[in-house]
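> Sequence below, structure please.
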Amino acid sequence: MTIQEMHVLFRTLGQAMGLQLVRAILPESIDTYLNDAIVDTVRKIVLSNSTMQFQDKVTIQNDTISPINAIRTLYKRNEIDLSFEDKLPIHLRTANLTNVMYFCSFALSYGDGRYIKCRFVEPDKVEDTNADYCNRASVAYPIVTMFDDNGMTIEIQNGTTDKLPQVLLIRYIENPAIVHLDDNENLCVDCNLPDYLHHEIVETAVQKYFSSVGSTSQSIQS
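Predicted coordinates:
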């Protein structure tokens, strides 16, 4: 669904809720509600994919279709060359990762083609983790943490200086595109989420609009 079609659907669904009886709404305002709905949709999907199915933390349920498929167009990976680093811990500036919404995982390669998954540890827990003989950073179980030190920084530790990593693989979910309708079609920006989510996004946007103007109109008619 193009941004033009989303605007038409917004007004069509809004008509069923009495949009024509409230006031005119500008295309710029529709863009704002659509973008708000897009972010809410992504956050809801990520949350549903992150919540444990069973609170005992032992039982595992494998979903045939993971909720992450709903935002597959936002799932990205980035390989960062570490071969120039000659000491640990390694500190990397994330200047080239400015469009990240959520970091999913980190993995290190020591140049042999294999990737070893890193544990992500909160900055205030790094010292406690390394003080634990069983959990401290090692070549087989490296640690990654992040903090803002005059710019977002990734710190990598593997507990030794004898074997330096060569590549850091970062998997993340990027921010969804900010949709925009323009008279010049070349300047229009479409939603980059899967098509089957677009109708739900527009419905959410319409509901947000009516909530913002204090309308108590009936629910959207299917």
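
> top strand in the protein by residue count?
strand 100-109 (DSSP state E).

> Show me what that strand packs onto, helices and strands only.
With contacts defined as 3 or more Cβ pairs under 8 Å, 6 or more residues apart in numbering; DSSP states H and E, strand 100-109 has these neighbours: strand 116-117, strand 119-120, strand 167-174. For glycine as for every other residue, the C-beta is placed from the backbone atoms N, C-alpha and C.

> got the buried residues for the last one?
Using 16 or more other Cβ atoms under 10 Å as the burial criterion, the residues of strand 167-174 that qualify are 167-170, 172-174.

> can you check stretch 137-150 too?
Buried, per 16+ other Cβ under 10 Å, within stretch 137-150: 137, 142-146.

> Strands of the chain, residue ranges please.
75-81, 90-93, 100-109, 116-117, 119-120, 143-148, 152-157, 167-174.

> May I see these arranged in JSON lines, with mean pLDDT as well?
Below are the strands of the chain laid out as JSON lines (pLDDT from 0 to 100):
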{"stretch": "strand 75-81", "mean pLDDT": "92"}
{"stretch": "strand 90-93", "mean pLDDT": "86"}
{"stretch": "strand 100-109", "mean pLDDT": "92"}
{"stretch": "strand 116-117", "mean pLDDT": "94"}
{"stretch": "strand 119-120", "mean pLDDT": "92"}
{"stretch": "strand 143-148", "mean pLDDT": "91"}
{"stretch": "strand 152-157", "mean pLDDT": "91"}
{"stretch": "strand 167-174", "mean pLDDT": "94"}
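
> of all those, which lies closest to residue 15?
strand 100-109 (33.0 Å; Cβ to Cβ).

> Closest one to residue 1 out of the buried residues of stretch 137-150, please.
Nearest to residue 1, judged by Cβ to Cβ, of the buried residues of stretch 137-150 is residue 146 at 35.6 Å.

> show me what contacts the closest residue to residue 166 other than its chain neighbours?
Leaving aside its chain neighbours, residue 166 sits nearest to residue 111 (4.1 Å; criterion: Cβ to Cβ, 6 or more residues apart in numbering). If a contact means Cβ atoms under 8 Å, 6 or more residues apart in numbering, then residue 111 has 83, 166-167 as its contacts.

> if I look at residue 111, how far off is residue 129?
Relative to residue 129, residue 111 is positioned 26 Å away (Cβ to Cβ, to the nearest Å).

> angle of the top helix by length along the chain against strand 167-174?
Across the chain, the longest stretch assigned as helix under DSSP state H is helix 27-50. Orientation of helix 27-50 against strand 167-174 (axes from the mean of the first three to the mean of the last three Cα atoms, to 10 degrees) gives an angle of 120 degrees.

> Go through helix 27-50 and flag the buried ones.
27, 30-38, 41-42, 45-46.

> Kindly report the same for stretch 94-104.
94, 97, 100, 102-103.

> can you list contacts of it?
42, 46, 74-75, 78, 120, 146, 151-154, 170-176.

> what about 7 Å?
42, 46, 78, 152-154, 170-175 (Cβ atoms under 7 Å, 6 or more residues apart in numbering).

> Distance of residue 84 relative to residue 164?
Residue 84 is 10 Å from residue 164, by Cβ to Cβ.

> Tell me which of those two has more neighbours.
Applying other Cβ atoms under 10 Å to residue 84 and residue 164 shows that residue 164 carries more neighbours, namely 19 against 6.
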